[in-house]
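# Fold the following.
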Amino acid sequence: MSASQSKAEMPAAPAETASAGAGSRYWRRNLYVCLFGSFTNIVAMTLLLPFLPIYVERLGVQGRAAIVQWSGIAYGITFLGAGIMAPIWGKFADLYGRKLILIRASLAMAVSMSLIGVAQNIWQLVALRLAAGLLGGFASGAVVLIATQTPKNRSAWALGVLSTGTLAGSLLGPLLGGALPGLIGLRETFFLAGGVIFVAFLATCFLVREDARPAARRRGTLSRGAWGMIPDRRPVLAMLATATCLMIATMSIEPIITVYVGVLVPPDGPLGGNVVLMAGVVMAATALGSVLAAPRVGRLADRVGTVPVIVACLLITGLLLIPQAFLTNAWQLLALRFLMGMSLAGLLPSINATIRHSVPDGAAGTILGYATSAQYAGQVLGPLLGGFVGGHLGMRAVFVATAAILVAAAAGNWALAGLPRVAALRGERAPQN
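From the prediction side, this is the model:
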C-alpha cells in the first residue's frame, strides 16, 4: 500500500480555512506549553496513588476494608467526572476557544490540589477529587488545541509528542508520590503539586496563542451541532470504538499484573520474592516504551497515513499479548511489556489525528471530547472484563481474550479503510454495465 493510497483511505472533512489546514504559526510553542501542562496535571492526578490509603486513614476512616473502599472511590471518581464532562468542555471549546478551556482546567486543578491538602474528612476529599475531574481536563483540552492548531501533515507527530507528557506524568507521578511525603509531608505534597500546576496556568495564559475563529464557524456549530457537521461519520465512529477497545485491552491486564508476577517470581530468585517491586517495574516498562516510541510513530503516521499505523499497532500489540500468557519468568514479561508499550505508543495519537482529519474545525473539540469519554469507558470496562475472565478462566485467558479484542479491532479498521476504495472501483465500473 503506498503512502498516497493510505492517506486517502479515510474520507476527509470539508474544506476549511487556510489557517485550519496550515496550522497556527504559534503551534510549536503551543505544543511545548501543553506538553508541560499535561505532564504536571497527570503527575498531580497520579502522585497520590502510593499514599492515598494512608491519607484516607488520617482523615478518619477506620478498618482495612473501609480504607481500601474509600481509596478506590476517591481515586476513581476523578476519572468518572472527567469522562462525563469531556464532550461538554469540548463543545465549549468549539464555541468559545480552546485556550480558554486550558486556562480554566489548569486553574481548577491548581485550586483543587491545594484544597485537597487541607481536607478534614473523607467526604471533602471525595468532593474535591470529583471537582478536579469535572472542572479539570487539561490533557484532553490540550489534545483539542494541538489537533486544531497544528498543520495537518504534522498533527500525528505533534499529538505523539503531547502524549509523551501524559505517559511520563503517569510514570513519574506514583514515583514522586512515593518519595515526596517522606521529604516534605503528606499535605505539603498537595500544596507543591498545586503550585506547579499554577505555573502551568501562568504559562498557558501568557504563552499559548490561538488563532481567532470566524463568527460564521461558531454559528455553524450552534445551528447544526457537531455531528451534523460531519459528512461521513463512519471513520469517527470507528475511532471511538477503537479507543474504547484499546483501553479495555490495556486496563483488563492491569488488575492481574501483580498477581501474575507473583506466579513468575520465585521466592529464592534475585529479587528475593519482591513481587510488588517487580510488578512496578513491569508496569513502568510499558510506559517507558510508549514514551520512547510515541514521537517516532507519530512521524511515521504523518508520512504513511494514520489508518495503516493504527491497524499495524493493534495487530502487533495483539500478537505480543499472546506469548505473555505462556511465560516462565518475570523478565520475559518485562521485555514483552516494553515492546508492547512501543506498539501502543502510536495508537491514541493516530486515533485523535484520524478524528481531526475527518471532522471540520467547528466540530473538532466536541468529537475529540467524545473520544476522551470513550477512553474512560474502556478504563472502566477493562478491569471488569479482566477480573471476570481471570476469575472464571484463569489469568492466562485474560491475555488471550485481550489479544482477540485487539486483532478484531485491527480487522475492523482494515475493513473500514477499504470501503472507500471499493466504492471508487464500483463507481468506475458502473458505466460499463
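# Now do the buried residues in stretch 88-106.
89-95, 97-99, 101-106 (16 or more other C-beta atoms under 10 Å). From N, CA and C alone the C-beta is placed, and that goes for glycine too.
# Correction: the previous question concerned stretch 55-67.
Buried residues in stretch 55-67 (16+ other C-beta under 10 Å): Y55, V56, E57, L59, V61, I67.
# what sits against the residue lying closest to the fourth one once chain neighbours are set aside?
By that I understand L59. In space, and not counting its chain neighbours, L59 is closest to I122: 4.8 Å by C-beta to C-beta, 6 or more residues apart in numbering. By C-beta atoms under 8 Å, 6 or more residues apart in numbering, the residues touching I122 are V56, L59, G60, V61, W70, A74.
# same thing but at 6 Å, please
L59, V61, W70 (C-beta atoms under 6 Å, 6 or more residues apart in numbering).
# And V236, by the same measure?
Applying C-beta under 6 Å, 6+ apart to V236 gives the contacts I355, S358.
# ok, so what distance separates it from A243?
11 Å (C-beta to C-beta, to the nearest Å).
# what does L348 give?
Distance from L348 to A243, by C-beta to C-beta: 7 Å.
# Spell out which helix or strand contains L134, please.
Taking DSSP states H and E as the criterion, L134 maps to helix 122-135.
# Now whichever helix or strand comes after that helix - C-alpha only, CSV.
Using DSSP H and E, the helix or strand that follows helix 122-135 in sequence is helix 138-149. C-alpha atoms of helix 138-149 as CSV (Å, rounded to 0.1, in the frame of the first residue of the first chain):
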residue,chain,number,x,y,z
PHE,A,138,-6.1,19.9,30.8
ALA,A,139,-4.7,16.9,29.0
SER,A,140,-7.8,16.3,26.9
GLY,A,141,-8.2,20.1,26.2
ALA,A,142,-4.5,20.2,25.1
VAL,A,143,-5.3,17.4,22.6
VAL,A,144,-8.0,19.6,21.1
LEU,A,145,-5.9,22.7,20.9
ILE,A,146,-2.9,20.9,19.3
ALA,A,147,-5.0,18.9,16.9
THR,A,148,-6.7,22.0,15.6
GLN,A,149,-3.8,24.4,15.6
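# on that earlier part again, if we go by neighbour counts, what in the helix holding L134 is buried?
I122, L125, V126, A127, L128, R129, L130, A131, A132, G133, L134, L135.
# Closest one of those residues to V309?
Within these, the smallest distance to V309 is 30.5 Å, found for G133 (C-beta to C-beta).
# That closest one against T78, yeah?
Yes - the pair G133 and T78 qualifies as a contact (C-beta atoms under 6 Å) at a distance of 3.9 Å.
# before we move on, the earlier item: how about JSON lines for the buried residues of helix 122-135, with pLDDT and distance to G173 added?
Formatted as JSON lines, the buried residues of helix 122-135 follow (pLDDT from 0 to 100; distance: C-beta to C-beta, whole Å):
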{"residue": "I122", "pLDDT": "93", "distance to G173": "22"}
{"residue": "L125", "pLDDT": "93", "distance to G173": "18"}
{"residue": "V126", "pLDDT": "92", "distance to G173": "20"}
{"residue": "A127", "pLDDT": "94", "distance to G173": "22"}
{"residue": "L128", "pLDDT": "94", "distance to G173": "17"}
{"residue": "R129", "pLDDT": "90", "distance to G173": "15"}
{"residue": "L130", "pLDDT": "91", "distance to G173": "19"}
{"residue": "A131", "pLDDT": "92", "distance to G173": "19"}
{"residue": "A132", "pLDDT": "90", "distance to G173": "14"}
{"residue": "G133", "pLDDT": "87", "distance to G173": "16"}
{"residue": "L134", "pLDDT": "90", "distance to G173": "20"}
{"residue": "L135", "pLDDT": "89", "distance to G173": "19"}
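# Pick out whichever of these sits closest to M45.
Of those, the one sitting nearest to M45 (C-beta to C-beta) turns out to be A132, at 7.2 Å.
# That closest one - nearest residue in space that isn't next to it in sequence?
S112 (4.1 Å).
# now the angle from the helix or strand hosting that neighbour to helix 138-149?
Assigned by DSSP H and E, S112 falls within helix 98-116. Orientation of helix 98-116 against helix 138-149 (axes from the mean of the first three to the mean of the last three C-alpha atoms, to 10 degrees) gives an angle of 170 degrees.
# Run through the neighbouring helices and strands of helix 98-116.
Packing contacts for helix 98-116, counted by 3 or more C-beta pairs under 6 Å, 6 or more residues apart in numbering; DSSP states H and E, involve helix 27-46, helix 122-135, helix 138-149, helix 186-207.
# Look up how far T204 lies from V259.
Per C-beta to C-beta, V259 is found 41 Å from T204.
# So what's the residue count around the spatially closest residue to L47 that is not a sequence neighbour?
Nearest residue to L47, sequence neighbours excluded (C-beta to C-beta, 6+ apart): G177, at 3.5 Å. Residues lying near G177 (other C-beta atoms under 10 Å) number 21.
# Alright, that wraps it up for me.
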